[in-house]
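>>> 3D model of this:
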Amino acid sequence: MAIKLYEYDANTYKAATDFKYPNKMQAGLFIHWWQTGYVSMDTDLAALLNPLNENAFTKSDADGVAAVKAASKPYYNGLCVAKIAEAYTTGDELQAHRTNDTATLTDIGNRVAGVLAERDALLDVGD
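Numbers count the residues shown, from 1 in each chain. Below is the predicted model:
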């Protein structure tokens, strides 16, 4: 199962509850609602939902990815800060920059990259 970013008409479907869902679904299906008009879900779930909702979901493109990234930036910035704070204080981070502590700076960069990689995995638009 591949997770893809889909778009839907936010004028027709104003909330997740406006969609029709199957009576039973298999375990392990994934869906993540972004701001109005965008949802990340695995292709198996899209195959279940589209016939029930007049093919409401279409795979997004690079513009959709840019829109989701812009709208979710404050949230993901907060996650990055929280991930860094698990290991370092603000003073630790400033000292690493001041002294060019490459080991600490690399670890901080890896923590941020991990958060952004998780976000980007939800924004795949390919086939």
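>>> Locate the residue of this protein with the greatest distance from its centre.
Farthest-out residue of the chain from its mean C-alpha position, per CA atoms, centre = their mean: Thr99, at 34.3 Å.
>>> buried residues in the one helix or strand Thr104 maps to?
Assigned by DSSP states H and E, Thr104 belongs to helix 102-121. For helix 102-121, a neighbour-count test (16 or more other CB atoms under 10 Å) marks 104, 108, 111-112, 115, 119 as buried. For the C-beta atoms, the positions are set from N, CA and C on the backbone; glycine is no exception.
>>> cool, and stretch 48-58?
Quick answer for stretch 48-58 (16+ other CB under 10 Å): 48-49, 53, 56-57.
>>> okay if I get the residues you listed as CSV plus pLDDT, distance to Ala70 and secondary structure?
Converted to CSV, the buried residues of stretch 48-58 look like this (pLDDT from 0 to 100; distance: CB to CB, whole Å; DSSP: H, G, I helix; E, B strand; the rest coil):
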residue, pLDDT, distance to Ala70, secondary structure
Leu48, 92, 29, helix
Leu49, 94, 26, helix
Asn53, 95, 26, coil
Ala56, 95, 23, coil
Phe57, 96, 21, coil
